[in-house]
Every structure is written in C-alpha cells, then in structure tokens.
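Chemist: this is a predicted model, with the sequence first.
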Amino acid sequence: MLVELNADQLAAAQHGDGPLLIVAGAGTGKTATLVQRVAHLIERGADPRRILLLTFTRRAAAEMLRRVEAVLAARGYTTGAASERVWGGTFHAAAARLLRIHARDIGMEPDFTIMDRGDSEDLLHVARTRLELGRGGSRFPQKSTCLDVYSRCVNAQLPLSQVLHTAFPWCLAAEEGLARLFAAYTDAKEEQQVLDYDDLLLFWRGLLVDPAGGARVRERFDHVLVDEYQDTNALQADIVSLLRPDGTGVTCVGDDAQAIYGFRAATVRNILDFEQRFPGADVVTLTRNYRSTAPILAATNALIAEAAERRDKELWTDRADGARPVLATCRDEDEQTQWLCERILAHREQGTELKEQAVLFRAQHHSMALEMELSRRNIPFHKYGGLRFVEMAHVKDLVSFLRLSENPKDAMAGLRVLGLVPGIGPKTAAALLESLSAAAGDFAAAWAGARVPEPARTAWPAVVELFATLAAAGPSGVPAQVHAVRSVYGPLLERRYDNVQARLRDLEQLEGLAARARTRSQFLADLVLDPPSYTQELAGPPVLDEDYLVLSTMHSAKGLEFEVVYVIHAADGNIPSDMATGSAAEIEEERRLLYVACTRAREQLYVSHPLRYYTQPWNKADTHGYAQRSRFLTHTVTAQFEELQTGPDEAPDESPLNRVTTASIRAGVRSLWGAPADA
C-alpha cells in the first residue's frame with residue numbers, strides 16, 4: 001500500500017494518533033498522501049464508520065474514498081466497501097447530516113430546509129423592505145451586500161462593527177440598520193424552520209458546544225481528517241477542535257502558500273497557528289514536486305519566498321529539463337491578445353492539445369478581448385466560472401415546488417411558487433400562505449376552495465392537486481415527484497421565459513439527478529450544498545469540437561494543472577487587484593493567488609502584461625494610461641524568467657538620408673519669427 005510514497009509522504013501516512021499537520025506544497029502529492037493515510041487507518045483496525053473526512057467539494061471526497069477502496073483492495077483488505085462507510089463530504093454536508101440526526105438535541109425540528117444564496121438574499125430583502133431600510137436620505141446596502149456582511153460576521157466570528165471597519169467600510173453609516181436587519185432575518189429563519197448556508201456551520205458548532213449534544217456527536221468519531229485546511233474559516237477551525245478537543249485523531253492537510261479565499265472569510269491563521277490550537281502536534285512538510293519543471297519551480301519558489309509570513313519550504317524536483325518561464329511585456333491589450341493566440345496555436349502545432357493549455361486571469365472581465373479574438377479565429381474555449389446550474393431561474397422555480405412540499409413554512413419558496421401562477425401577486429400569495437399555515441400545512445384543506453383571481457383559475461386546480469400529490473408521496477420517490485412538478489410547471493414556464501426548449505431539457509436533467517437521491521430532503525440538501533455546475537457555451541460548435549482552450553480565473557484554477565499556462569494582465573491594479581490592497585493581509589493573499597496561478601504549469605509558464613490600458617477599449621479611443629508591472633514581480637523573481645518584448649521588431653534605419661540635417665531644420669524654424677536663417 002505504501003511502496004509508492006516518498007519518505008515524507010510515508011511518515012505522514014503512517015503517523016500515529018496524535019495531532020498531525022501535513023504541509024503539502026503545490027504538486028507534492030497531497031491527495032495521494034491523504035488517501036494512503038485513510039487506508040492505513042482502516043488497515044490497522046480503525047472502524048471506517050468512525051472516520052470523518054472533510055473536504056471542500058463532494059467530488060473530492062468521493063474521489064478520495066474511491067482511491068482508498070482501490071488501495072485497500074490491492075492490499076487484500078476484504079471486509080467490503082470500507083470506504084463507503086467513512087463519513088466523507090464537505091463541512092456543510094456533514095453539518096446537514098448531523099443536524100438531521102441531532103436537531104432535537106438543540107431544540108430544532110429535523111425537517112428544516114436549507115436556503116441557497118438567492119433565497120437568503122430574497123428573505124433579507126423582505127426584511128429590509130418591512131423595516132423600510134431602503135427609504136430615507138442615505139443609501140442603504142442592497143440585499144447581496146447585506147448577505148455578504150452577514151456571512152462574514154458568522155464565518156469569521158467577528159462583531160458587525162469590526163467586519164464593517166475592515167471589509168465593508170462603505171457600509172459603516174448603515175451599521176445600526178444592518179443590526180436591525182440581521183435580527184429580523186434571524187427571526188424569520190427561525191419562524192420558517194429554514195437554515196441558510198452559514199447556519200449549518202453555526203448550528204453544528206452550537207451542537208458541539210452543548211454538553212449533552214456535543215458528547216453524542218464526539219462519540220461518533222475517532223479520527224477527523226481535513227483536506228485544504230488553509231481554506232477553513234474561524235468557524236470551521238472551531239468545529240475541528242471541538243470534535244477532538246485534545247487533538248487525538250486529527251489530521252489536517254494544506255498549504256499556507258495557497259490560502260486564497262479570504263473573501264469567503266477563510267483565514268491563513270488556521271494553518272499557521274495549528275500547533276497553538278493543538279499543542280504537541282507533529283508537522284510533516286512535503287516538498288518534492290511531481291508536477292512542474294525545475295525552471296518553473298525556481299520562479300515560483302522565488303515568488304513565494306518574499307511573503308511576509310509563511311511556513312518555510314522550497315519545492316524541488318528531479319526533472320532538470322524544461323524551458324525557463326517567459327515574462328512578456330506587451331504594448332497594449334490588443335498586442336497581448338494577438339501574442340497569446342499565436343503562442344496558443346504554436347503549442348497546438350507542436351502537439352499540446354488546447355485543453356492542456358490554460359489562460360488564467362484575476363477577474364472575469366480580463367478575458368473579454370481574448371474571448372472575442374478566439375471566436376474570430378475559430379478557437380473553441382471553455383470559461384470556468386459563471387452561473388451554477390441551480391442558480392438559473394427555471395431550476396430554482398422547480399426546486400421551490402419541492403421545498404414548499406417538504407416544508408410548508410418555507411415562505412420564500414411559497415412566494416416564488418405562487419408568483420408563477422398568472423394573476424397571483426404578492427398580496428394574494430401572502431394570504432394563501434397564511435391560510436396554509438392555519439391549516440397546519442395541509443395543502444388540500446387550505447387551497448382547494450381558495451378564491452383566486454380570474455387569470456389564475458385555469459392553472460390553480462392543477463397546482464393544488466400537485467401539492468396534494470407531493471404531500472401524499474412522502475419523502476421517497478424523488479424522480480416521480482420531479483416529473484409531477486415538471487408536468488404542472490411546464491406550461492407556466494412557457495408563459496414566463498424565452499428559450500423554452502433548452503430550459504425544459506435542463507429540467508429533464510434535474511429529474512435524472514433526482515434518481516440518485518433516496519429522499520426528497522437529501523435531494524434538496526445536495527442541490528444547495530454541492531450544486532452541479534452550469535457548462536458555458538463553447539466558442540465553437542460543441543458537437544464538432546472536442547478540444548478547447550481553458551479560460552479561468554485564478555481562484556477557479558486552484559487544484560487544476562495544465563501543460564502550458566498563460567497568466568495575463570500581470571500589472572499592478574490587476575495583480576494585485578486594486579480592490580484588494582486595503583491591508584497588508586489582503587496584499588499577501590494576492591501574492592499567494594499569483595503563486596497558485598503560476599504553479600498550475602507543468603511544462604511551460606508565460607506571464608504577460610500590457611504597458612498601456614485604454615480608457616475606452618471598446619471604441620478604440622486614443623486616451624490611455626500606463627501600467628506598472630505587478631509589484632510581486634521583483635528583480636529577484638524576474639531573474640528566473642526569460643524577458644521579452646512582444647510585437648514586431650522596429651530596427652533603426654541604417655541608411656539615413658543626407659539631404660536633410662538637424663541644422664537645416666532649425667534654420668527653417670528661425671525663419672518663422674524673422675530671424676536670419678544663418679543666425
């Protein structure tokens with residue numbers, strides 16, 4: 001099982017039960033080490049059901065456990081599907097599962113529903129409107145900003161005043177109103193028996209703090225393993241330490257140099273201060289890189305070495321080959337775009353597929369000019385980011401039917417569903433929800449004889465019958481329930497949206513996803529906790545083009561790797577972003593973000609920046625300003641790069657004309673004010 005590990009990986013995998021931190025540099029085999037650690041625990045006798053593996057995506061957990069099973073099978077471990085019995089998943093998924101089991105220990109009902117971000121924003125907006133916070137002579141933050149402030153307070157475990165001063169200074173004048181709003185928002189969630197995304201962690205920690213409930217949860221687990229520990233926030237770190245207060249059985253894996261999610265309230269302090277939280281902890285550092293060439297590692301080591309605070313490590317490889325990274329200076333964005341396309345096509349001709357090449361950038365809009373040029377040249381691409389599947393309006397509509405049937409107190413789902421029926425406005429919808437509450441959630445009793453506006457009378461009976469069917473179906477048979485909703489919602493969708501056929505196909509996919517769920521509550525929770533991604537259109541016809549270039553923000557590229565990586569717009573104001581230079585901590589995170597982008601490259605790394613940025617690039621106006629190279633590309637760092645200027649060569653004319661001299665030109669000028677030409 002352990003023969004393929006190097007000495008440091010082996011030490012981590014075979015470590016005892018004391019607290020362990022594995023500092024795994026980029027490309028050093030972090031996942032393989034964690035897989036072997038789990039397999040080693042099971043092989044030496046640990047009960048798989050008492051192992052908790054926490055990751056940041058459900059896919060990562062599933063892939064790790066699949067590999068654990070393969071390792072155990074290769075070793076002849078035959079007790080059967082051990083990895084399926086491990087508690088593996090995201091922090092939020094584990095929280096939801098535990099709260100379903102132990103909800104009553106802290107005075108909750110286990111049939112709560114979970115709101116996604118859009119629903120949370122809508123509920124905040126309702127409270128904001130009722131409190132009349134948007135009226136008056138001063139500006140009040142919109143619902144999305146309000147949710148960001150609320151989420152930062154909860155996840156960072158900081159008071160509102162401190163969060164406003166450090167992260168949202170433009171909202172300081174609204175502090176009193178925000179405090180009232182958050183109190184009303186909390187009350188509304190309690191009344192409706194709903195939890196938002198942040199509540200899952202907050203209530204999990206509350207459960208662990210409770211003497212009786214916490215003891216029951218802790219009894220479930222002997223080992224707690226955390227992947228990407230550098231991306232945890234204060235609340236998540238508290239949960240880990242409350243699960244295993246003395247540190248026994250704790251294994252955390254991460255890399256402080258890749259801590260880039262401060263905007264989500266993640267803090268690099270968790271990994272830097274691990275030994276303070278778990279006294280006596282052992283630290284194993286993985287430094288052998290299996291991804292990049294030696295020249296790329298030399299450049300990235302130099303880049304991260306200038307960080308103000310970090311765990312000392314220098315990555316190395318036995319791959320001595322490879323070209324030096326290239327630092328390209330371009331005259332403007334158009335020249336950068338042309339140079340990029342030429343390099344991309346040149347690498348393709350040399351045998352590197354487009355999907356093994358990635359263009360990385362700090363912000364979504366940095367790729368706009370490139371996207372247009374790629375389309376013009378018929379180069380297909382896939383851009384990572386954008387809408388998630390469940391954030392699309394028609395998907396949220398269908399899910400709201402299921403949410404309301406699961407929890408009749410869910411007012412936000414009810415308002416969305418009733419608002420789909422022609423003729424039913426907010427006032428009528430509110431009255432119908434009140435009657436539903438009075439009938440204790442009995443849809444047929446509350447709505448069968450309800451008086452609805454004339455435009456709603458055609459669709460209304462089918463809606464009432466649908467909810468009666470969903471209520472009678474109970475929690476199981478989820479695909480059939482989704483199909484029933486589709487049959488009623490389909491005509492409403494056709495009246496409300498364009499591009500109907502594409503939307504209907506999305507709902508068919510949703511029904512297919514429902515087949516994987518055992519219960520309705522599990523299906524709804526999975527959609528919120530680990531939603532499927534929405535695949536954006538390719539630049540070329542997707543049926544014909546199976547190869548495509550990858551465009552991605554730096555944040556979205558974390559965890560990926562490519563043969564060739566192009567980091568563009570490496571100018572100050574872009575890297576670091578001018579929106580993230582308010583403190584030394586933010587600037588250091590921007591440095592780590594550039595490091596993450598550069599360490600995605602296996603064979604070749606290009607970093608480029610334009611000298612000029614036009615104020616109106618879309619209409620080619622002449623007004624422009626000059627940019628400086630990113631402050632992170634210091635002399636020490638650039639010494640590891642091959643520097644070049646893009647664009648055509650402009651060699652001086654070696655055969656100047658002899659008929660005109662500077663003296664004759666000056667003489668001509670003197671004649672303008674009447675001076676003698678030979679004066």
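Modeler: Received it, and whenever you're ready, just let me know what you need. Here the structure is a predicted model, which is why all the values come from computation and not from measurement.
Chemist: need the pLDDT of the residue lying closest to Val500 once chain neighbours are set aside.
Modeler: Excluding the flanking residues, the one nearest Val500 by CB to CB, 6 or more residues apart in numbering is Glu494, at 5.2 Å. All C-beta atoms are positioned from the backbone trio N, CA, C, and that covers glycine. pLDDT, Glu494: 86.
Chemist: can you spell out which helices and strands pack onto the strand or helix carrying Glu494?
Modeler: Applying DSSP states H and E as the criterion places Glu494 in helix 478-496. Judged by 3 or more CB pairs under 8 Å, 6 or more residues apart in numbering; DSSP states H and E, the packing partners of helix 478-496 are helix 393-406, helix 460-473, helix 500-514, helix 520-529.
Chemist: out of the ones you listed, nearest to Arg216?
Modeler: Arg216 lies closest to helix 520-529 among these, at 21.1 Å (CB to CB).
Chemist: show the average pLDDT along the following helix or strand past that closest one.
Modeler: Later in the chain than helix 520-529, the nearest helix or strand by DSSP H and E is strand 549-553. Mean pLDDT, computed over strand 549-553, is 92.
Chemist: and what of stretch 54-67?
Modeler: For stretch 54-67, the per-residue pLDDT averages 88.
Chemist: also stretch 380-390?
Modeler: In this model, stretch 380-390 carries a mean pLDDT of 69.
Chemist: swap in stretch 17-28?
Modeler: 96.
Chemist: check stretch 160-167 too.
Modeler: Across stretch 160-167, the average pLDDT comes to 92.
Chemist: pLDDT score for Arg244?
Modeler: 95.
Chemist: re the thing from before, would CSV of the helices and strands packed on helix 478-496 with distance to Ser556, mean neighbour count and mean pLDDT be doable?
Modeler: Output for the helices and strands packed on helix 478-496, formatted as CSV (distance: least, CB to CB, whole Å; neighbours: other CB atoms under 10 Å; pLDDT from 0 to 100):
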stretch, distance to Ser556, mean neighbour count, mean pLDDT
helix 393-406, 21, 22, 90
helix 460-473, 37, 17, 92
helix 500-514, 22, 15, 79
helix 520-529, 19, 22, 82
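Chemist: which one of the ones you listed lies nearest to His165?
Modeler: Closest among these, using CB to CB: helix 520-529, at 31.2 Å.
Chemist: how far off helix 393-406 does the closest one point, in degrees?
Modeler: Inter-element angle recorded for helix 520-529 and helix 393-406: 140 degrees (by axes from the mean of the first three to the mean of the last three CA atoms, to 10 degrees).
Chemist: which one of the helices and strands packed on helix 478-496 lies closest to Arg152?
Modeler: helix 520-529 (19.7 Å).
Chemist: against which helices or strands is that closest one packed?
Modeler: Looks like helix 520-529 contacts helix 91-102, strand 113-114, helix 393-406, helix 478-496, helix 500-514 (3+ CB pairs under 8 Å, 6+ apart).
Chemist: in a markdown table: the ones you listed, plus distance to Phe278.
Modeler: Converted to a markdown table, the helices and strands packed on helix 520-529 look like this (distance: least, CB to CB, whole Å):
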| stretch | distance to Phe278 |
| --- | --- |
| helix 91-102 | 18 |
| strand 113-114 | 31 |
| helix 393-406 | 40 |
| helix 478-496 | 41 |
| helix 500-514 | 39 |
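Chemist: just to revisit the earlier point, now distance to His382 too, for the helices and strands packed on helix 478-496, in TSV please.
Modeler: Below are the helices and strands packed on helix 478-496 laid out as TSV (distance: least, CB to CB, whole Å):
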stretch	distance to His382
helix 393-406	21
helix 460-473	37
helix 500-514	18
helix 520-529	23
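Chemist: gap between the residue nearest to Val500 and Gln501?
Modeler: 10 Å (CB to CB, to the nearest Å).
Chemist: for Arg37, which non-adjacent residue is spatially closest?
Modeler: Of all residues not flanking Arg37 in the chain, Ala13 sits nearest, at 4.8 Å (CB to CB, 6+ apart).
Chemist: pretty sure that neighbour sits against Gly29.
Modeler: No. Ala13 is beyond contact range of Gly29, at 10.6 Å (criterion: CB atoms under 8 Å).
Chemist: shared neighbours, those two?
Modeler: Leu5 (CB atoms under 8 Å, 6 or more residues apart in numbering).
Chemist: all helices of the stretch 551-679 of the chain, in order?
Modeler: In the stretch 551-679 of the chain, the segments counted as helices under DSSP state H, counting those that start in this stretch are 554-557, 584-598, 635-638, 662-670.
Chemist: so for Gly88, which of these sits nearest?
Modeler: helix 554-557 (23.3 Å).
Chemist: what about that closest one, distance to the chain center?
Modeler: 8 Å (CA atoms, centre = their mean, to the nearest Å).
Chemist: got it, and stretch 402-411?
Modeler: 28 Å.
Chemist: can you check stretch 158-167 too?
Modeler: The answer for stretch 158-167 is 23 Å, by CA atoms, centre = their mean.
Chemist: cool, and stretch 273-289?
Modeler: 26 Å.
Chemist: what residues sit buried inside it?
Modeler: 274, 277-278, 281-282, 284-286, 288-289 (16 or more other CB atoms under 10 Å).
Chemist: output those residues in a markdown table, with pLDDT appended to each entry.
Modeler: Formatted as a markdown table, the buried residues of stretch 273-289 follow (pLDDT from 0 to 100):
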| residue | pLDDT |
| --- | --- |
| Phe274 | 97 |
| Arg277 | 96 |
| Phe278 | 96 |
| Ala281 | 96 |
| Asp282 | 97 |
| Val284 | 97 |
| Thr285 | 97 |
| Leu286 | 97 |
| Arg288 | 96 |
| Asn289 | 96 |
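Chemist: and the residue nearest to Val500, how many neighbours does it have?
Modeler: Applying other CB atoms under 10 Å, we find 13 residues neighbouring Glu494.
Chemist: isn't it right up against Leu507?
Modeler: No. Glu494 lies out of contact with Leu507 (CB under 8 Å); the separation is 11.9 Å.
Chemist: ok, and what's touching stretch 360-380?
Modeler: 333-334, 337-338, 340-341, 344-345, 354, 359, 381, 383, 385, 538-540, 542, 545, 547-549, 551-554, 557, 565-569, 574-575, 577, 593, 597, 600, 617.
Chemist: is it fair to say Pro141 lies in a helix?
Modeler: No. The assignment for Pro141, made by DSSP: H, G, I helix; E, B strand; the rest coil, is coil rather than a helix.
Chemist: pLDDT score assigned to Pro110?
Modeler: 85.
Chemist: element containing it, please.
Modeler: Judged by DSSP H and E, Pro110 forms part of no helix or strand.
Chemist: now the phi/psi pair for it, please.
Modeler: The phi/psi pair for Pro110 (degrees, to the nearest 10) reads phi -70, psi -10.
Chemist: could you tell me how far it is located from Phe443?
Modeler: 21 Å.
Chemist: could you check which of the two is surrounded by more residues?
Modeler: Phe443 (22 against 12).
Chemist: measure that one to Val463 for me?
Modeler: For Phe443, the distance to Val463 (CB to CB) stands at 9 Å.
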